[in-house]
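Novice: Show me the folded form of this:
(one chain, ligands or ions: 3)
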Amino acid sequence: MAVDLLLGLQWGDEGKGKIVDVLTSKYDIIARFQGGPNAGHTLVFNGKKHVLHTIPSGIFHDETVNLVGNGVVIDPVIFKKELDKLDEQNVDYKSSLLISRKAHIILPTHRLLDAASEASKGKAKIGSTLKGIGPTYMDKTGRNGIRVGDIELDGWEKKYRALAKKHEAMIAFYNVDVQYDLEELETEFFEAIETLKSLTFIDSEDYLHKAQKSEKSILAEGAQGSLLDIDFGTYPFVTSSNTTAAGACTGLGIAPNKIGEVYGIFKAYTTRVGSGPFPTELFDEVGETMGRVGHEFGATTGRARRCGWLDLVALKYACAVNGVTQLIMMKGDVLSGFNTLKVCTSYNYKGETISHLPYNIESENVTPIYTELKGWKEDLTSMTEASQMPKELNDYIAFLEKELEIPITVVSVGPDRKQTIVRK
Ligand code: GDP
Ligand code: IMO
Ligand code: MG
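Specialist: Ligands and ions are numbered 1, 2, ... in the order given. Sure thing, here's the model as predicted:
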């Protein structure tokens, strides 16, 4: 059976966690394929909010297997905290949560290196979540990393020690003020490693191949968004993994010809947290209203998210890179009350009108060109059927579908599981 993918199409935080949770009842297996605890995926149901960082968003469904794939980087300390929260909720994950032996481990010194690297960049900093993501993927591609499978073997601590020592020298080389007590960090780390070891480690690509053969339904859950992709994002202001569809192939061992539906998630406007170019960013009260009404604060770091109008140039690019087959529009409710909505349909690039995402999208090179649409006044948050949606919202959606040439099959009108309208 083909594997479906669910991916963020913007700069992350599109609402992936909510939709994976909504879709989970249709799947036997939910599999995260990249990223790590830089992600913060929010789920709301039964009046309670849950934030997941590394654990797949299907974990609250008893019948579903949740797999942390080989492309993910795991911080045992954060992972343990996530497990503790699940324990508090009496979620039984012991048999349903599986971890790939090939997933890489974030060491305490990876986090410190992240901090040192950012501090050394000064104003040019990426705005990293400082979870050690970049340094861990660097060790992976540099062939120095420690993987989950290693911690099952005797003597892995020796490998750990050599790597941590090297990291300490690198931190010193940055010559910035990063204070730390490695002994304390290591006590916490090795304790968390023991917790991690109590879970089930598997050869996940083999598991998934067998699952595909026995007709199990699988949904691959992306983290971050396409514009944060290491190759296709707004480099260097990106994360260190492939957040796009290809990342699901390498991050789980799924063959490209075994991919089925590609669900692309986007907000009805745009947000970004951290540094980097953002052509449609608003610095006025409209942007401020989006941030306030949409509660645009990072689920991992609590930082305020930058807000702006929907950018169709960037969205088309993301749809093309991912081969999106269905679109899911989030947070339509946040746009209620604006008289006019703007959608960026092309850029003025150095005096020329273009409709593709160019190499340089900094504000000195790119000015967005907008199409204006009429806004809606109605509160959408209690709507559950497409027939209840106001005309202006239908017009907004029809405009996007025409521009993107992909159907918008789901419209989300609030954070709760139930605030989800299926259109077709
Ligand atoms: P993710 O990283 O893609 O899973 O998204 P986040 O959880 O970081 O951010 C999405 C935020 O928007 C969370 O606070 C969600 O609870 C919330 N959210 C999701 N869908 C909607 C929606 O349709 N309307 C509103 N108002 N909030 C939503
Ligand atoms: P989810 O899965 C939004 C951003 C950071 C920073 C850049 C690099 O919740 O959508 P990193 O920690 O990877 O070194 O940070 O990427 N970033 C995210 N922004 N949502 C995320 O994940 C993000 N993960 C990383 O803010 O700009
Ligand atoms: Mg998030």
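
Novice: ok, Ser364 - how many residues close by?
Specialist: Wrong residue type there; residue 364 is Glu, not Ser. By the measure other C-beta atoms under 10 Å, the count of residues near Glu364 is 8. (C-beta placed from N, C-alpha, C; glycine too.)

Novice: that's a strand at it, yeah?
Specialist: No - remark: Glu364 does not belong to a strand; assigned using DSSP: H, G, I helix; E, B strand; the rest coil, it is coil.

Novice: Now do it against ligand 1, distance only.
Specialist: 30 Å (C-beta to the nearest ligand atom, to the nearest Å).

Novice: State the distance from that residue to Pro277.
Specialist: 10 Å (C-beta to C-beta, to the nearest Å).

Novice: List the residues that contact Asn348.
Specialist: By C-beta atoms under 8 Å, 6 or more residues apart in numbering, the contact set of Asn348 is Val366, Thr367, Pro368, Ile369.

Novice: typed the wrong thing, it's Lys131
Specialist: Gly36, Pro37, Asn38, Asp75, Ile78, Ile106, Arg111, Asp114, Thr300.

Novice: Only the buried members of these: can you turn that into a PyMOL selection?
Specialist: Remark: buried members of those, expressed as a PyMOL selection using 16 or more other C-beta atoms under 10 Å:
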select buried, resi 36+37+38+75+78+106+111+114+300
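
Novice: taking the contacts of Lys131 one by one, which sit in helices?
Specialist: With helices defined by DSSP state H, the entries of the contacts of Lys131 inside them are Ile78, Arg111, Asp114.

Novice: tally of neighbours for the nearest residue to Gly149 once chain neighbours are set aside?
Specialist: In this structure, Gly149 finds its nearest non-sequential neighbour in Arg101, 3.3 Å apart by C-beta to C-beta, 6 or more residues apart in numbering. Neighbour count for Arg101, taken as other C-beta under 10 Å: 16.

Novice: sorry, back to before: okay, who's weakest in the contacts of Lys131 by pLDDT?
Specialist: Within the set of those, pLDDT is lowest for Thr300 (85).

Novice: Tally up the residues packed near the residue nearest to it when sequence neighbours are not counted, please.
Specialist: Counting by C-beta to C-beta, 6+ apart, Thr300 lies nearest to Gly40, which is 3.7 Å off, once chain neighbours are set aside. Gly40: 19 surrounding residues under other C-beta under 10 Å.

Novice: what about Gly40, distance to ligand 1?
Specialist: Taking C-beta to the nearest ligand atom, one finds Gly40 at 5 Å from ligand 1.

Novice: Show me what from the protein comes close to ligand 1.
Specialist: Listed as neighbours of ligand 1 in the chain under the rule C-beta under 6 Å from any ligand atom: 8, 12-18, 39-42, 44, 294-295, 299, 330-331, 333-334, 412-415.

Novice: Try it again at 5 Å.
Specialist: 13-18, 40-42, 299, 330-331, 333, 412, 414-415 (C-beta under 5 Å from any ligand atom).

Novice: Just the ones of those residues in helices?
Specialist: Going by DSSP H, the helices hold Lys16, Gly17, Lys18 from these.

Novice: give me the number of residues near the second one?
Specialist: Number of residues near Gly17 (other C-beta under 10 Å) recorded here: 24.

Novice: Look up the closest residue to it, ignoring the ones flanking it.
Specialist: That would be His41: by C-beta to C-beta, 6+ apart, it lies 2.8 Å from Gly17.

Novice: for the last one, same thing?
Specialist: Take Lys18 and drop its neighbours on the chain: the residue closest to it by C-beta to C-beta, 6+ apart is Leu43, 6.0 Å away.

Novice: quick one: contacts for Ile19?
Specialist: By C-beta under 8 Å, 6+ apart, the neighbours of Ile19 are Leu6, Tyr263, Ile265, Ile328, Met330, Val410, Ser412, Thr420.

Novice: The residue nearest to Gly149 contacts Tyr207, doesn't it?
Specialist: No - at 10.5 Å, Arg101 does not count as touching Tyr207 under the criterion of C-beta atoms under 8 Å.

Novice: out of the ones in helices among the contacts of Lys131, who's nearest ligand 3?
Specialist: Among the ones in helices among the contacts of Lys131, Ile78 lies closest to ligand 3 (C-beta to the ion), at 14.2 Å.

Novice: Identify, from the contacts of Asn348, the entry nearest to Val65.
Specialist: Pro368 (43.1 Å; C-beta to C-beta).

Novice: Distance check, Lys158 against Asp139.
Specialist: 16 Å.

Novice: Among those two, which residue is more densely surrounded?
Specialist: The residue with more neighbours, out of Lys158 and Asp139, is Asp139; 24 against 9, by other C-beta under 10 Å.

Novice: The nearest residue to the more buried one once chain neighbours are set aside: neighbouring residues, count only.
Specialist: Ranked by C-beta to C-beta, 6+ apart and with sequence neighbours excluded, the top spatial neighbour of Asp139 is Gly145, at 4.2 Å. As a burial measure, Gly145 scores 23 neighbours (other C-beta under 10 Å).

Novice: repeat for Ser128
Specialist: 22.

Novice: OK, contacts around it?
Specialist: Asn38, Asp114, Ser117, Glu118, Gly134, Gly274.

Novice: And stretch 182-197, what's buried?
Specialist: Those would be Leu185, Glu186, Phe189, Ala192, Ile193, Leu196, for stretch 182-197 by 16+ other C-beta under 10 Å.

Novice: what mean pLDDT would you report for it?
Specialist: 98.

Novice: got a list of contacts for it?
Specialist: Contacts for stretch 182-197 (C-beta under 8 Å, 6+ apart): 74, 76-77, 79-80, 83, 99, 107-109, 148, 151-152, 164, 168.
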